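A.B. asks: kindly return the folded structure for what I paste below:
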Amino acid sequence: QVQLVESGGGLLQAGGSLRLSCAASGRTFSNYAVGWFRQAPGKEREFVAAISWSGGSTYYADSVKARFTISRDNAKNTVYLQMNSLKPEDTAVYYCAARFFPAGVPYEYDYWGQGTQVTVSS
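C.D. replies: As a prediction, the model looks like this:
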C-alpha cells in the first residue's frame, strides 16, 4: 500500500510559478511510476505529466509542455511538478498517482492522493 500526499498548491496570478510535491509513504517509492493529473470544475480529470521510477522517462500533456517539469527524488520518496508561466486555464485540483511499474509509465494508476488546489487569476 502506498499513501500519497500532495502539497504546494495555492492562489497566484497568471505568469507565476508553483512547485507541487507528492510525498509517498508506506512502501519504498522505487519501481513506482508517478503521474500528475488535474481536474477543473465541471471538467473531467486530465493527464498532466508522468515520470518513470528511475526518472529517465517523462511525458507531458501538450497543454503544459515547455511550462511544466516533472522530477523525482527517490531518496526522499517525493515527486515534484514545477509549473511555470501559469495560466488561468491551469486552475484545477492537482492529483498525483502511483503504480508499481518498473519500466516506463502506465496508462492507469492504483494509488491516488487527495489533491491540492491551484488557482491562477488573470
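
A.B. asks: ok, what's across the strand from the residue nearest in space to the middle of the chain?
C.D. replies: By C-alpha atoms, centre = their mean, the chain has its centre lying nearest to Trp36, at 2.7 Å. As for beta bridges, Trp36 partners with Ala49, Cys96 under DSSP bridges.

A.B. asks: with Glu6 instead?
C.D. replies: Cys22.

A.B. asks: in terms of pLDDT, where does it sit?
C.D. replies: pLDDT recorded at Glu6 is 98.

A.B. asks: what of the one 4 residues further on?
C.D. replies: The score at Gly10 is 97. That number is its pLDDT.

A.B. asks: without its sequence neighbours, what residue ends up closest to it?
C.D. replies: Leu18 (6.2 Å; C-beta to C-beta, 6 or more residues apart in numbering). Using the backbone N, CA and C atoms, a C-beta is placed for each residue, glycine as well.

A.B. asks: and if you look at Val93?
C.D. replies: Counting by C-beta to C-beta, 6+ apart, the residue nearest Val93 is Gly115, at 4.2 Å.

A.B. asks: contacting residues for the one you found?
C.D. replies: Counting by C-beta atoms under 8 Å, 6 or more residues apart in numbering, Gly115 touches 6, 39, 93-95.

A.B. asks: need those residues in JSON lines with distance to Asn84 and neighbour count, can you?
C.D. replies: Output for the contacts of Gly115, formatted as JSON lines (distance: C-beta to C-beta, whole Å; neighbours: other C-beta atoms under 10 Å):
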{"residue": "Glu6", "distance to Asn84": "18", "neighbour count": "22"}
{"residue": "Gln39", "distance to Asn84": "21", "neighbour count": "14"}
{"residue": "Val93", "distance to Asn84": "19", "neighbour count": "18"}
{"residue": "Tyr94", "distance to Asn84": "15", "neighbour count": "23"}
{"residue": "Tyr95", "distance to Asn84": "20", "neighbour count": "22"}
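
A.B. asks: which of the residues you listed sit farthest apart?
C.D. replies: Glu6 and Gln39 (12.6 Å; C-beta to C-beta).
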